[in-house]
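**Student:** what's the 3D shape of this:
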Amino acid sequence: MSDHNHSHSGGKTLLFALVFTTGFAAVEVFGGLIADSLALLSDAGHMLTDSLSLGIGAFAAWLAKKPASRQHSFGLKRAEILGALFNVLFMFGVIVFIAYEAIRRMADTPAVAGGMVLAIGGLGLLVNIAVAWALMRGEQTINVRGALLHVMGDLLGSVAALVAGAVIYLGGPPIADPILSLFVSLLILVSAVRLLREVTQVLMEGVPEGIDAHEVGCALVRVDGVFAIHDMHIWSLSSNSQALAAHIDVEAMGRWEEILPQLQTILRGRFGIEHTTLQPEDAAIRHVCDADPDCGAGDVN
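**Tutor:** Predicted coordinates:
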């Protein structure tokens, strides 16, 4: 029996953050080109990657409202994962570009307009604070919390651009700009590796992060009337949608209608698993088959 309830995914909050982040990234690109500041351009690259993440989250929130169809029995939730994979590849490209430019500029550091870097870096800090505030006040879904982590990385990137601008404006060495750019690229790398790990886990249909399969099994088998759990599989449909399928050995098949709601309540309330397929089996028959090699138990995992 399946349970397919959909929850809100913070689409409006993500869309708001997307507009602000993308708009200011464009300002940083413009300012970075005029000031010849790699710190601004690298932070703009970081914000653009976050814009992609926010866009993917907003798009996934929209897709989550679409009902399942004959061709897509779970809907289009995996579109978020495919978009995230594209996002990771884009992020690695940005990292390579920033690192290459930073190393090149360390060898031949151009003059940088420190005042403009300082002004835009300060404005970026304010924008990131506003976006972080909006995300913290929005619906706290996994998508929104993930976006908040990216925005906090942007905050550090804005601080780096602000520090570079201040150092150069006060007469410090222009090499501070590429050095701090490498720092920002490191922040992007950390985000990219984390996101790649999450995407790979979902595509390989691994147990979702934060869920212990052994703990789930123990919680279910403690329900009165449940004899054992087997053939249990837990996987992610998307970053905020988990599924479980399992065979439940019950002591009395006549009690299944009483046992099933208890199992679903545990899975939904304690582990956040909404999509469940639970198949009841008579524990007495299975126990006899396990003891008799001619019963066909060899086909049971």
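
**Student:** which SS state does the closest residue to Pro67 other than its chain neighbours fall under?
**Tutor:** Nearest non-adjacent residue to Pro67, counting by C-beta to C-beta, 6 or more residues apart in numbering: Gly75, 6.8 Å away. Where you see a C-beta, it was placed from the backbone N, CA and C, and this is true even at glycine. When classified by DSSP: H, G, I helix; E, B strand; the rest coil, Gly75 comes out as coil.

**Student:** burial measure for Thr200, as a count.
**Tutor:** Thr200: 13 surrounding residues under other C-beta atoms under 10 Å.

**Student:** What strand or helix carries it?
**Tutor:** Using DSSP states H and E, Thr200 sits in helix 176-203.

**Student:** wait, what's in contact with Gln242?
**Tutor:** Contact analysis of Gln242 by C-beta atoms under 8 Å, 6 or more residues apart in numbering lists Pro208, Ile211, Ile234, Trp235, Ser236, Phe271, Gly272, Ile273, Glu274, His275.

**Student:** List the contacts of the residue nearest to Ala166 when sequence neighbours are not counted.
**Tutor:** Excluding the flanking residues, the one nearest Ala166 by C-beta to C-beta, 6+ apart is Leu118, at 5.5 Å. Counting by C-beta under 8 Å, 6+ apart, Leu118 touches Leu162, Gly165, Ala166, Tyr169.

**Student:** Tell me the most packed of these, by neighbour count.
**Tutor:** For those, the largest number of neighbours (other C-beta under 10 Å) sits with Gly165, at 28 neighbours.

**Student:** Quick check: that residue vs Gly172, distance?
**Tutor:** With distances taken as C-beta to C-beta, to the nearest Å, Gly165 is found 10 Å from Gly172.

**Student:** try Lys65
**Tutor:** 52 Å.

**Student:** what number of residues lie near Arg222?
**Tutor:** As a burial measure, Arg222 scores 10 neighbours (other C-beta under 10 Å).

**Student:** domain parsing for this protein?
**Tutor:** As given by automatic domain parsing, the domain ranges for the chain are 11-203, 213-299.

**Student:** Let's test this: mean pLDDT of the host helix or strand of Val163, rounded?
**Tutor:** According to DSSP H and E, Val163 maps onto helix 142-169. The average pLDDT for helix 142-169 rounds to 70.

**Student:** now swap in stretch 198-215 and tell me
**Tutor:** pLDDT averaged over stretch 198-215 gives 90.

**Student:** Check which residues of it are buried.
**Tutor:** Within stretch 198-215, the residues that qualify as buried are Glu198, Val199, Gln201, Val202, Val207, Pro208, Ile211, counting by 16 or more other C-beta atoms under 10 Å.

**Student:** Which of the contacts of Leu118 sits closest to Leu244?
**Tutor:** Comparing those against Leu244 with C-beta to C-beta places Leu162 closest, at 46.9 Å.

**Student:** what's the distance between that closest one and Val202?
**Tutor:** Distance of Leu162 to Val202, computed by C-beta to C-beta: 36 Å.

**Student:** so how many other residues sit close to the residue nearest to Pro67?
**Tutor:** With other C-beta under 10 Å as criterion, Gly75 counts 19.

**Student:** What's the local residue count around the nearest residue in space to Leu40 that is not next to it in sequence?
**Tutor:** Spatial nearest neighbour of Leu40, excluding adjacent residues (C-beta to C-beta, 6+ apart): Gly32 at 3.4 Å. Using other C-beta under 10 Å, Gly32 has 25 neighbouring residues.

**Student:** swap in Ser158?
**Tutor:** 28.

**Student:** contacting residues for it?
**Tutor:** Applying C-beta under 8 Å, 6+ apart to Ser158 gives the contacts Asp43, Gly121, Gly124, Leu125, Val127, Asn128.

**Student:** May I ask you to confirm that the third one is in contact with Glu28?
**Tutor:** Which is Gly124. Yes - because the distance of 6.3 Å satisfies C-beta atoms under 8 Å, Gly124 is recorded as touching Glu28.

**Student:** between these two, who's got more neighbours?
**Tutor:** A direct count of neighbours by other C-beta under 10 Å for Gly124 and Glu28 places Glu28 higher, at 29 against 26.

**Student:** How much space separates the more buried one from Ala284?
**Tutor:** Glu28 sits 68 Å away from Ala284, going by C-beta to C-beta.

**Student:** again, but for Asp177
**Tutor:** Applying C-beta to C-beta, the value for Asp177 to Ala284 is 74 Å.

**Student:** Comparing these two, which residue is more hemmed in?
**Tutor:** Taking neighbours as other C-beta under 10 Å, Asp177 and Ala284 compare with Asp177 leading, 33 against 14.
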